[in-house]
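J.: Fold the following.
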Amino acid sequence: MTTQTAVQKLIDTFADWLRYCRELNELYEMNRVLGDMERVCAHCLHKRRCDEDLAAGTSPKHYQEYCPNAPTIKRLQRLDPRQEYLHSQ
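T.: Below is the predicted model of the structure:
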């Protein structure tokens, strides 16, 4: 193995480690956010309407009208554009 190959392998290994650390951090942060959202949901005064919307499949159209987690969901959507389906239904 040449010095250049060894250095490249070390760089690649370090880059993989950084990606792994970033993914762990994102998972930790998402877990914290979801825990906060669960607490907000547990104290929500609109559970009946939420349950009805979930059962009818109309939550994506109406949750913003009453859900105290709506601002958090909106922020999460900005972080992950794949979540746009919440507004498209």
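J.: C-alpha from now on. contacts and neighbour counts both.
T.: Will do.
J.: State the mean pLDDT of the lengthiest helix in the chain.
T.: Longest helix in the chain, counting residues (DSSP state H): helix 3-42. Mean per-residue pLDDT for helix 3-42: 91.
J.: quick check: mean pLDDT across the helix or strand just after it?
T.: Scanning forward in sequence from helix 3-42 by DSSP states H and E, the next helix or strand is helix 47-56. On average, the pLDDT along helix 47-56 is 95.
J.: Now do helix 47-56: which elements does it pack against?
T.: Applying 3 or more C-alpha pairs under 8 Å, 6 or more residues apart in numbering; DSSP states H and E, we find helix 47-56 packed against helix 59-66.
J.: Give the buried residues for the helix it packs on.
T.: Neighbour-count burial for helix 59-66, counted by 16 or more other C-alpha atoms under 10 Å, picks out 59, 63.
J.: Domains in the protein, by residue range?
T.: As assigned by automatic domain parsing, the chain contains the domains 1-43, 46-89.
J.: hey, which of those domains is tucked in deepest?
T.: domain 46-89 (a mean of 13; mean count of other C-alpha atoms under 10 Å).
J.: Report the contact partners of Pro68.
T.: Pro68 is in contact with 40-41, 44, counting by C-alpha atoms under 8 Å, 6 or more residues apart in numbering.
J.: Same question for Arg78.
T.: Not one residue lies near Arg78 by C-alpha under 8 Å, 6+ apart.
J.: Which helix or which strand is home to it?
T.: With DSSP H and E as the test, Arg78 turns up in helix 70-79.
J.: Restricting to C-alpha, output that helix in CSV.
T.: Coordinates of each C-alpha in helix 70-79 appear next as CSV, following Å, rounded to 0.1, in the frame of the first residue of the first chain:
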residue,chain,number,x,y,z
ALA,A,70,-48.6,22.2,13.9
PRO,A,71,-45.7,24.7,14.2
THR,A,72,-43.3,21.8,15.0
ILE,A,73,-44.6,19.7,12.1
LYS,A,74,-44.2,22.7,9.8
ARG,A,75,-40.5,23.2,10.9
LEU,A,76,-39.9,19.4,10.4
GLN,A,77,-41.3,19.7,6.9
ARG,A,78,-38.9,22.5,6.1
LEU,A,79,-36.0,20.2,7.2
